[in-house]
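1. Have a look at this prediction, sequence included:
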Amino acid sequence: MKIAAGAAVAMAVALPALPAAADTPDERPDVPVGTWLAARTQPAVQLTSFTYTGTVAVPTSTINQTAFNRLVEQATATVASGKISSDERSIAKWLFQQIAADVDTYLASTTPERTVEAEVGGLCTGWWVTPDGYMVTGAHCVQVGETELSQLFARQALAKFNQQDAKEIISGLRGLEADEEIVKLAQQIYVTFNTNHMQLRNLKQSLSVVQSLPGGGVDKTAKPVPAELVSVGESYPGKDFALLKVNGQQNLPTVPLGDDSDVRTGDTLYISGFPGLVTNTPFFSLESKLEPALTEGPYNAKRTTQTGVPYIQTQAPSYHGNSGGPVFSKDGKVIGMLIAGTVSENGEASESESFVLPVGIIKEKLGEKNIKPAQTTTTARYNEALNDFFRHHYSDSLPKFREVQALFPNHPYVAKYISDAQQAISAGKDESPKPILLWVLIGAGVLVAAVIVAVLAKVLRGRGRRRRHSEPSFVQPPPGAVQPPSWRQLPAGQVPPPAQGAYGQAAYGQVAYGQGADGYGPVAYNAGGYGAAPYGSAPDHANPQYGSAPDHGNPHYGPGPYGYPAPPHGQAQPHSGERTRAVRYGQFTPPPNDRPS
């Protein structure tokens, strides 16, 4: 009983604490909200594009001589009245200003007709809502009105014609050297005329989503994948929603939808998307262009348009190209979609006024097409792996990242996380908790050691006691004392012997050291204490407490730590069970007050 109690105390002191219960998969590690959110949501946020191709036709222009002669007479009268200077440069500027203000009065269409093949388009943001390829984006990200489309083609296709026509009219000034102002006025004349008389033929539209190729990676291997327009609403300020479908998809990463009640005024919102200031800038690499940006800002107020459509106003910065991007709460759920932002008089975006279509409208539109948002194993495992990665449990994250890679080979980020986790393990930074079985083995080893120590201590105490009995010392009586009889001169601490029969059978046989007079029973001294173990025939080789097993056969003393077989270099400890398991491209003309971003 004393040995057992001592071992129990030793184990309680020495046994390491078992690892705490694992966190729930969606519990955020100790990293900034933005870091956690960006890592979880970026795989589902994609760059989208819409493209129009067609033939642009414009007539040749000629001066309406009659109207022009009247204009020259007006110029002469204006000079005479002193309203303009009499030098040729001032007169030429005045003439060009009048023509630019009313081009159809002074210019007429003629032949030959000039044509050019042109293509215009825009870049926006979309996000996967189902694992089989349904994507949400903004309505104005997939279609453009006729007026706006004409303006896009005019800017794209007519620049060369405008410059040629301007040179011709300037050459008619007969030796007058045109300054910058005259050149701009001449070009404006033909920008207006050619745009007004332009015709679009053989117009075709296409939609696509930019995806990476098998093997993953956000790099130049990405290519546009055709998308089908399933549903489209009204552009801002209407219900600016569109639903796309990319065929042949499976196991796509998705983002979860929240509720309108998840956020309120004062909460922080997070916008993910592709700002045009990056995607339209030539000096950024393609890799940079294909990684979404995350911005954050407070929920300012809930607004309602004149047609009754609700919108959220936020100070989270947004830019052209962000349109259609998901907007998240701090819990990582979509609470809306970025649609528009106000612009200043010179067309610059105002970062303090972004407008978000609430998730309730998105759910309404998905319901009309019977589309149910869903999460795949790809997303669940990826999120679990990210949590392990951010907690520095690198060896725990690796099998989950590899499962994601097997489920969705086109995943744009998982390969990089696998590489980073492997490097962290090699650098000794892995903090993955040990399997419970290993802790049990450690505890068992401590218990065995405690039992051995206790038995050794008891054996040594017994040997010391026998030695004291076998080497008696005599106490000398003080001077002058009467000597006792010889039969009473016994070693100190011993009692006079009783009758011979008692001495042989009781004192040393059954009572004093046998059945428990001193608390040492037959197991302690006869069989266990002085018998088989300490002084028996096999203390060093046969007895399990002192035999060969601890050094050679017992698994607690194997080559690995605490008896576990040593793992290969760079690999984790073996586990107890299966653990793996305005918005648009180009410069759109904004509405008077605000415009889609």
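-> Yep, that arrived. Numbers count the residues shown, from 1 in each chain.
2. SS state for V191?
-> The three-state label given to V191 by DSSP: H, G, I helix; E, B strand; the rest coil is helix.
3. What residues does it make contact with?
-> By Cβ atoms under 8 Å, 6 or more residues apart in numbering, the contact set of V191 is A154, L158, N162. (C-beta placed from N, C-alpha, C; glycine too.)
4. One more: T265?
-> By Cβ under 8 Å, 6+ apart, the contact list for T265 reads Y299, N300, A301, K302.
5. can we see that at 7 Å?
-> Counting by Cβ atoms under 7 Å, 6 or more residues apart in numbering, T265 touches Y299, N300, A301.
6. Next, it: phi, psi?
-> phi -50, psi 130 (degrees, to the nearest 10).
7. Give the residue spans of the stretch 251-400 of the chain that score low on pLDDT.
-> Within the stretch 251-400 of the chain, the segments meeting pLDDT under 70 span 343-352.
8. switch the cut-off to 90
-> By pLDDT under 90, the low-scoring segments of the stretch 251-400 of the chain are 276-291, 319-320, 341-353, 376.
9. List the buried residues for the strand or helix carrying E148?
-> Element membership for E148 (DSSP states H and E) is helix 146-157. Buried positions in helix 146-157, judged by neighbour count with 16 or more other Cβ atoms under 10 Å: E148, L149, S150, Q151, L152, F153, A154, R155, Q156, A157.
10. Quick check: which helices or strands does it pack against?
-> Other helices and strands packing on helix 146-157, by 3 or more Cβ pairs under 7 Å, 6 or more residues apart in numbering; DSSP states H and E, are strand 45-63, strand 107-128.
11. TSV for the ones you listed, including mean pLDDT, mean neighbour count and distance to K245?
-> Formatted as TSV, the helices and strands packed on helix 146-157 follow (pLDDT from 0 to 100; neighbours: other Cβ atoms under 10 Å; distance: least, Cβ to Cβ, whole Å):
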stretch	mean pLDDT	mean neighbour count	distance to K245
strand 45-63	95	19	13
strand 107-128	95	18	11
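12. Which one, of those strands, ends up nearest to E168?
-> strand 45-63 (9.1 Å; Cβ to Cβ).
13. Only alpha carbons, please: show that closest one as CSV.
-> The C-alpha trace of strand 45-63 is given here as CSV (Å, rounded to 0.1, in the frame of the first residue of the first chain):
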residue,chain,number,x,y,z
VAL,A,45,-13.1,35.9,-54.7
GLN,A,46,-12.4,36.0,-58.4
LEU,A,47,-11.6,38.6,-61.1
THR,A,48,-14.4,38.8,-63.7
SER,A,49,-14.5,40.4,-67.1
PHE,A,50,-17.0,41.4,-69.7
THR,A,51,-16.1,42.0,-73.3
TYR,A,52,-17.9,43.5,-76.3
THR,A,53,-16.5,43.1,-79.8
GLY,A,54,-17.8,44.6,-83.0
THR,A,55,-17.2,46.6,-86.1
VAL,A,56,-17.1,50.4,-85.7
ALA,A,57,-18.1,52.5,-88.8
VAL,A,58,-17.9,56.3,-89.2
PRO,A,59,-18.4,58.5,-92.2
THR,A,60,-15.9,60.9,-93.6
SER,A,61,-16.7,64.5,-92.7
THR,A,62,-16.7,67.6,-94.8
ILE,A,63,-17.2,71.3,-94.1
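14. Counting by contacts, list what it packs against.
-> Counting by 3+ Cβ pairs under 7 Å, 6+ apart, strand 45-63 packs on strand 107-128, helix 146-157, helix 180-197, strand 199-211.
15. just the angle between that strand and helix 146-157, please?
-> If you take axes from the mean of the first three to the mean of the last three Cα atoms, to 10 degrees, strand 45-63 sits at 80 degrees to helix 146-157.
16. following strand 45-63, which helix or strand comes up?
-> The element immediately downstream of strand 45-63 (helix or strand, assigned by DSSP H and E) is helix 65-80.
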